[in-house]
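Peer 1: sequence unknown, structure follows:
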């Protein structure tokens, strides 16, 4: 966790008090373990906008957003739980089903808060990586849920996870930053992180959504959906676009020097 010292004072995006702010992670730092260069413990940021140079960053994408107390109390413990679930497989041995991996024994409150807080962080972040996320009227409700430690109902802003088995190794090595899309008139946000596709349904009642039942339920059951050939082709196209863009950016020749191929 970060220390309480800070060289910047401002309005904490969560509690709303003017306090010293810390550089808060948007994605938890644990999710960067597969993207760090072993030589430099840094990672690269590539944009499909070839006018941008390739960035070399350390310690994840961070911004002065939260005070120490909010980062630790309302965000940090949920990040820690998610890191344990993702990388240590706590209490969950997925059972293979025809179209999903069924996970059991999840802590509904902890995992729901992690997913809600991640979406909310995308919304409050000011960096260009998150410019496409605007939760509008839903932002206040999600923020209040985090403050009140109220995980809400399963179908209230559910998050659906998808695994693409044939591309797991490719997708686990980085992030594709969030962007929004509409499905049947309902806003959604999508991000790729930790080898999974995370899809949030931006609705306070998504009980009629065709995939929402896969989200984590109050009894701790969640289904990670298995992607199909259509989604595989979509991801492959995005990866090819990023690879092509990386070759055209001004400092692309430095990738090898930084330990990235």
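Peer 2: Here it is on my side, so go on. Values in this document were obtained by computation on a predicted structure and should not be read as measured data. Numbering: from 1, shown residues only.
Peer 1: dig out what residue 23 forms beta bridges with.
Peer 2: residue 64 (DSSP bridges).
Peer 1: tell me where this protein has helices.
Peer 2: Taking DSSP state H to define them, one finds helices in the chain at 68-69, 77-88, 108-124, 138-148, 168-171, 229-248.
Peer 1: out of the ones you listed, deepest packed?
Peer 2: Comparing those by mean neighbour count (mean count of other CB atoms under 10 Å), helix 108-124 comes out on top with a mean of 22. Placement of C-beta: from N, CA and C, glycine included.
Peer 1: okay, the angle between that helix and helix 138-148?
Peer 2: Interaxial angle, helix 108-124 versus helix 138-148 (axes from the mean of the first three to the mean of the last three CA atoms, to 10 degrees): 140 degrees.
Peer 1: helices and strands around helix 108-124, which ones?
Peer 2: helix 77-88, helix 138-148, strand 159-163, strand 186-193, strand 196-201 (3 or more CB pairs under 8 Å, 6 or more residues apart in numbering; DSSP states H and E).
Peer 1: run the chain-centre distance for the fourth one.
Peer 2: Yep, that's strand 186-193 we're talking about. Its chain's C-alpha centre and that of strand 186-193 lie 9 Å apart, by CA atoms, centre = their mean, to the nearest Å.
Peer 1: can you give me the mean pLDDT across it?
Peer 2: The pLDDT scores in strand 186-193 average 92.
Peer 1: the helices of the chain: which one's closest to residue 9?
Peer 2: Minimum separation from residue 9 across those (CB to CB) falls at helix 68-69, 12.0 Å.
Peer 1: so residue 212 makes contact with residue 157?
Peer 2: No. With contacts counted by CB atoms under 8 Å, residue 212 stays clear of residue 157, the gap being 9.9 Å.
Peer 1: mind listing the shared neighbours of those two?
Peer 2: Common contacts of residue 212 and residue 157 (CB atoms under 8 Å, 6 or more residues apart in numbering): 201, 206.
Peer 1: of those two, give the one with the bigger neighbour count.
Peer 2: Legend: neighbour count by other CB atoms under 10 Å for residue 212 and residue 157, higher for residue 157 (25 against 20).
Peer 1: for the more buried one, list the residues it contacts.
Peer 2: Residues in contact with residue 157 (CB under 8 Å, 6+ apart) are 116, 119, 138, 142, 200-204, 206.
Peer 1: measure residue 197 to residue 232 for me?
Peer 2: For residue 197, the distance to residue 232 equals 11 Å [CB to CB, to the nearest Å].
Peer 1: mind listing the shared neighbours of the two?
Peer 2: In contact with both residue 197 and residue 232: residue 164, using CB under 8 Å, 6+ apart.
Peer 1: where does the stretch 101-250 of the chain dip in pLDDT?
Peer 2: When residues are selected by pLDDT under 70, those of the stretch 101-250 of the chain lie in 170-173, 238-250.
Peer 1: now render the helices and strands packed on helix 108-124 as a markdown table, adding distance to residue 16.
Peer 2: Putting those into a markdown table (distance: least, CB to CB, whole Å) gives the following:
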| stretch | distance to residue 16 |
| --- | --- |
| helix 77-88 | 20 |
| helix 138-148 | 9 |
| strand 159-163 | 25 |
| strand 186-193 | 24 |
| strand 196-201 | 24 |
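Peer 1: what's the closest of these to residue 15?
Peer 2: Residue 15 lies closest, by CB to CB, to one member of these: helix 138-148, at 7.4 Å.
Peer 1: identify the bridge partners of the spatially closest residue to residue 100 that is not a sequence neighbour.
Peer 2: Of all residues not flanking residue 100 in the chain, residue 223 sits nearest, at 4.0 Å (CB to CB, 6 or more residues apart in numbering). Under the criterion DSSP bridges, residue 223 forms beta bridges with residue 102.
Peer 1: show me what contacts residue 223?
Peer 2: Here residue 223 is in contact with 97, 100-103, 213-214 (criterion: CB under 8 Å, 6+ apart).
Peer 1: among the residues you listed, which ones are buried?
Peer 2: 100-101, 103, 214 (16 or more other CB atoms under 10 Å).
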